[in-house]
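Visitor: sharing a model that was predicted from the sequence below.
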Amino acid sequence: MVERKRWSEAFSDWFNEVIETAGILDKRYPVKGMNVWLPYGLKIMRNIEKFIREEMERTGHQEVLFPALIPETEFRKEAEHIAGFEGEVFWVTHAGLDPLDVRLILRPTSETAMYSMFSLWIRSHADLPFKVYQIVNVYRYETKHTRPLIRVREISHFFEAHTAHRDFEDAERQIREDLEIFDRLMRKLAIAYIISKRPEWDKFPGAFYSLGAEVVMPDGRTLQIGTMHNYKQNFARAYNILYETETGDHEYVHQTTFGMSERLLAAVIAIHGDDRGMVLPPTIAPIQVVIVPIPKKDAEVDVYAYAREIAEELKVAGIRVHVDERDIRPGRKFYDWELKGVPLRIEVGPRDVEGKTVVIARRDTLTKETVKRARVVDRVRELFDEIMENLHARAREWLESHIKRVETLEEAKEAFEDRRGVVEIPWCGEEECGLRMEEVLDAKMLGTPYPEEEALRLEGKRCPVCGGEAKFVARFARTY
Ligand SMILES: Nc1ncnc2c1ncn2[C@@H]1O[C@H](COS(=O)(=O)NC(=O)[C@@H](N)CS)[C@@H](O)[C@H]1O
Ligand SMILES: [Zn+2]
């Protein structure tokens with residue numbers, strides 16, 4: 001197994017270098033926190049979005065597209081939401097030379113753009129459940145250290161699903177559906193994750209509760225790669241979103257949202273990558289198989305024709321394949337495609353042409369095997385499945401080896417010094433004890449495991465701050 005770069009000083013350098021050299025983003029754009037998507041990176045992101053759209057289709061969410069500019073009057077309707085985002089929005093104050101009479105904000109997320117329209121669109125129980133989503137760029141004036149894909153000021157692939165329901169129970173059903181959608185998506189990316197219910201003091205502004213999905217990055221810090229929020233009727237009251245019930249009464253709808261972004265790609269790059277660069281799951285790789293002809297001078301066989309014939313057969317089989325005919329050394333080609341994370345490389349030399357064989361090299365295990373020409377398509381497909389299994393197993397092993405259950409703050413501090421990751425501590429549930437633990441550990445409380453039943457084994461356990469009976473397991477981590 002190739003030694004992975006683990007710790008922050010190596011990992012963040014590795015990450016920034018891969019983003020640049022593998023052709024994902026160009027960070028030289030002259031606005032801080034805003035980057036240019038390069039063709040290869042954009043193709044990967046589009047493949048991820050394809051799976052998101054499939055899930056939206058499967059679960060009856062309709063795609064919409066809202067304006068990016070929101071009038072201040074709309075933005076200021078829900079008190080908690082304003083408080084949460086006021087310091088994070090970009091303002092548009094002029095059109096041409098004229099100051100605007102109503103200032104506009106660039107959407108940081110689209111609740112305040114959508115919900116006045118929901119109020120016009122939703123009239124009756126027959127309109128519910130109402131389920132829409134969009135994948136757009138949103139803008140947040142992040143003041144912490146910006147990082148490509150991870151913490152940007154223009155989130156260029158912001159997925160936001162917004163739903164409305166007749167009651168709390170149906171909104172809860174939607175949250176369960178979001179968790180299932182997310183789990184199916186994570187399987188496609190071979191990513192292992194945990195879901196935590198955010199503490200009261202760290203919910204999404206305007207939410208009744210928030211769930212966060214976290215992965216553990218190679219430097220041991222966690223990255224939030226998805227969130228689901230139950231808003232109850234908080235926004236419906238502020239935006240007057242009412243529906244007529246079967247008995248003719250009028251009720252405020254219950255709402256939820258579900259959000260993800262290009263952080264999904266950050267997680268794929270970070271978690272599956274190794275010292276040679278990216279390792280892409282075949283599900284989202286723009287090129288799934290690269291064929292490298294290896295000519296020998298004065299050998300009369302034509303390795304290029306053989307390579308093209310194999311490429312054609314793979315293409316017809318629906319596999320994304322590329323023949324690298326550049327006039328450079330094969331070793332240089334191997335380097336380039338390994339950096340770009342292409343899951344399989346097929347090498348063909350004169351001996352392969354004569355023997356009707358090919359050599360297939362796996363990117364995830366860096367192993368090679370010789371395969372009969374006639375078996376190429378079948379073997380490639382088998383290897384894709386093996387690679388997905390292997391990547392998912394490695395991701396799960398990594399995650400599970402970075403979650404530690406302790407009983408005291410001292411043990412927690414040791415755990416963080418040792419390998420960071422997620423530390424689970426018994427907790428009484430009182431806010432001041434939670435905040436105290438964050439302070440002592442210099443870490444954020446991710447929340448409590450969700451669904452709760454997974455986490456018990458608390459009998460007799462005490463809160464390490466107040467000594468009170470522990471009712472919850474609290475998760476802490478150093479986060480991005
Ligand atoms: N600055 C950022 N850069 C990249 N991704 C981000 C950034 N801020 C948030 N995200 C991602 O966007 C997801 C949704 O953002 S959020 O604030 O948690 N939730 C919302 O905005 C809700 N309205 C759901 S759409 C987060 O889970 C996180 O994965
Ligand atoms: Zn306590």
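Guide: Great, that's in hand. This structure is a prediction, so every number in the text was calculated from the model and none was measured. Ligands and ions are numbered 1, 2, ... in the order given.
Visitor: spell out which parts of the protein neighbour ligand 1.
Guide: Within reach of ligand 1 by CB under 6 Å from any ligand atom, the chain has these residues: 109, 111, 140, 142, 151-152, 155, 160, 204, 224-227, 229, 257, 259-261, 263. In short, each C-beta sits where N, CA and C put it, glycine included.
Visitor: buried stuff in stretch 401-421?
Guide: 402, 403, 404, 406, 409, 412, 413, 415, 416, 420, 421 (16 or more other CB atoms under 10 Å).
Visitor: please disregard the earlier target; I meant stretch 421-440.
Guide: Quick answer for stretch 421-440 (16+ other CB under 10 Å): 421-429, 433-434, 436-438.
Visitor: re the thing from before, report the buried members of the residues of the chain next to ligand 1.
Guide: Taking 16+ other CB under 10 Å as the criterion, what is buried in these is 109, 111, 140, 151-152, 155, 160, 204, 224-227, 229, 257, 259-261, 263.
Visitor: what about the helices in the stretch 51-200 of the chain?
Guide: 72-75, 79-85, 111-121, 168-189 (DSSP state H, counting those that start in this stretch).
Visitor: what helices or strands is the third one leaning on?
Guide: In this structure, helix 111-121 packs against helix 72-75, strand 130-139, strand 154-165, helix 234-239, with contacts taken as 3 or more CB pairs under 8 Å, 6 or more residues apart in numbering; DSSP states H and E.
Visitor: got the ones you listed as TSV, with mean pLDDT columns?
Guide: Formatted as TSV, those follow (pLDDT from 0 to 100):
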stretch	mean pLDDT
helix 72-75	94
strand 130-139	98
strand 154-165	98
helix 234-239	96
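Visitor: tell me which helix or strand in the protein has the weakest average pLDDT.
Guide: In the chain, the helix or strand scored least confidently by mean pLDDT, DSSP states H and E is helix 79-85, which has a mean of 85.
Visitor: which residues touch that helix?
Guide: Identification of contacts with helix 79-85 by CB atoms under 8 Å, 6 or more residues apart in numbering yields 75, 76, 108, 109, 111, 112, 204, 205, 206, 234, 235, 238.
Visitor: the buried residues of stretch 401-421 in strands, which ones?
Guide: Counting by DSSP state E, the buried residues of stretch 401-421 place 403, 404 in strands.
Visitor: which of the buried residues of stretch 401-421 fall in helices?
Guide: When the buried residues of stretch 401-421 are checked against helices (DSSP state H), the matches are 409, 412, 413, 415, 416.
Visitor: state the phi and psi torsions of the residue minimising distance to the centre of the chain.
Guide: Geometric centre of the chain, nearest residue: residue 264, 2.2 Å, by CA atoms, centre = their mean. For residue 264, the backbone dihedrals (degrees, to the nearest 10) come out as phi -60, psi -40.
Visitor: spit out the contact partners of it.
Guide: The neighbourhood of residue 264, defined by CB under 8 Å, 6+ apart, consists of 48, 185, 189, 191, 225, 226.
Visitor: can you tell me how far the fourth one is from residue 216?
Guide: What that stands for is residue 191. Using CB to CB, to the nearest Å, residue 191 is found at 11 Å from residue 216.
Visitor: who has more neighbours out of those two?
Guide: residue 216 (27 against 23; other CB atoms under 10 Å).
Visitor: which residue in the ones in helices among the buried residues of stretch 401-421 has the weakest pLDDT?
Guide: Least confident of those in the model: residue 416, at 87.
Visitor: could you measure from that residue over to residue 410?
Guide: Applying CB to CB to residue 416 and residue 410 gives a distance of 11 Å.
Visitor: also residue 154?
Guide: Applying CB to CB to residue 154 and residue 410 gives a distance of 43 Å.
Visitor: against which helices or strands is the longest helix belonging to the chain packed?
Guide: Assignment by DSSP H gives helix 376-400 as the longest helix of the chain. Packing partners of helix 376-400 (3+ CB pairs under 8 Å, 6+ apart): strand 209-216, helix 263-272, helix 303-316, strand 344-348, strand 357-362.
Visitor: now the angle from the shortest one to strand 357-362?
Guide: Between strand 344-348 and strand 357-362, the angle formed by their directions is 150 degrees, by axes from the mean of the first three to the mean of the last three CA atoms, to 10 degrees.
Visitor: buried ones in the helix or strand that strand 344-348 is followed by?
Guide: Counting by DSSP states H and E, the element after strand 344-348 in chain order, helix or strand, is helix 350-355. Buried residues in helix 350-355, counted by 16+ other CB under 10 Å: 350, 352, 353.
Visitor: excluding its backbone neighbours, what's nearest residue 475?
Guide: residue 446 (4.3 Å; CB to CB, 6 or more residues apart in numbering).
Visitor: could you give the number of residues near the one you found?
Guide: Neighbours of residue 446 (other CB under 10 Å): 25.
Visitor: Three-state assignment for the closest residue to ligand 1 within the chain, please.
Guide: Residue of the chain nearest ligand 1, by CB to the nearest ligand atom: residue 259 (2.6 Å). Counting by DSSP: H, G, I helix; E, B strand; the rest coil, the backbone at residue 259 sits in strand.
Visitor: got the contact list for stretch 171-186?
Guide: Outside stretch 171-186, the residues within contact range by CB under 8 Å, 6+ apart are 51-52, 55, 59, 129, 131, 161, 163, 165, 192-193, 195, 211, 213, 226, 228, 230-232, 254-256, 258, 260, 264.
Visitor: same thing but 7 Å
Guide: 51-52, 55, 59, 129, 163, 165, 193, 195, 213, 226, 228, 230, 254-256, 258 (CB atoms under 7 Å, 6 or more residues apart in numbering).
Visitor: state the mean pLDDT of it.
Guide: Across stretch 171-186, pLDDT averages out at 98.
Visitor: now find how far off-centre it is within its chain.
Guide: Relative to the chain's own centre, stretch 171-186 is displaced by 14 Å; criterion: CA atoms, centre = their mean, to the nearest Å.
Visitor: same deal with stretch 62-71?
Guide: With CA atoms, centre = their mean as the basis, stretch 62-71 stands 22 Å off its chain's centre.
Visitor: taking the mean pLDDT, what do you get for it?
Guide: Mean pLDDT, stretch 62-71: 98.
Visitor: what residues sit buried inside that stretch?
Guide: For stretch 62-71, the neighbour count (16+ other CB under 10 Å) marks 66, 68, 70, 71 as buried.
Visitor: swap in stretch 292-304?
Guide: For stretch 292-304, using 16+ other CB under 10 Å, the buried residues are 292, 293, 294, 301, 303.
Visitor: only alpha carbons, please: show it as CSV.
Guide: Output of stretch 292-304 as CSV, limited to C-alpha atoms (Å, rounded to 0.1, in the frame of the first residue of the first chain):
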residue,chain,number,x,y,z
VAL,A,292,-1.1,3.3,-23.2
PRO,A,293,0.4,1.8,-26.3
ILE,A,294,4.1,0.7,-25.7
PRO,A,295,5.8,0.5,-29.1
LYS,A,296,9.2,-1.2,-29.5
LYS,A,297,11.4,0.2,-32.2
ASP,A,298,11.9,-2.1,-35.2
ALA,A,299,8.9,-4.3,-34.0
GLU,A,300,6.7,-4.6,-37.1
VAL,A,301,3.4,-5.1,-35.1
ASP,A,302,1.2,-2.0,-34.8
VAL,A,303,0.5,-1.5,-31.1
TYR,A,304,-1.5,1.7,-31.9
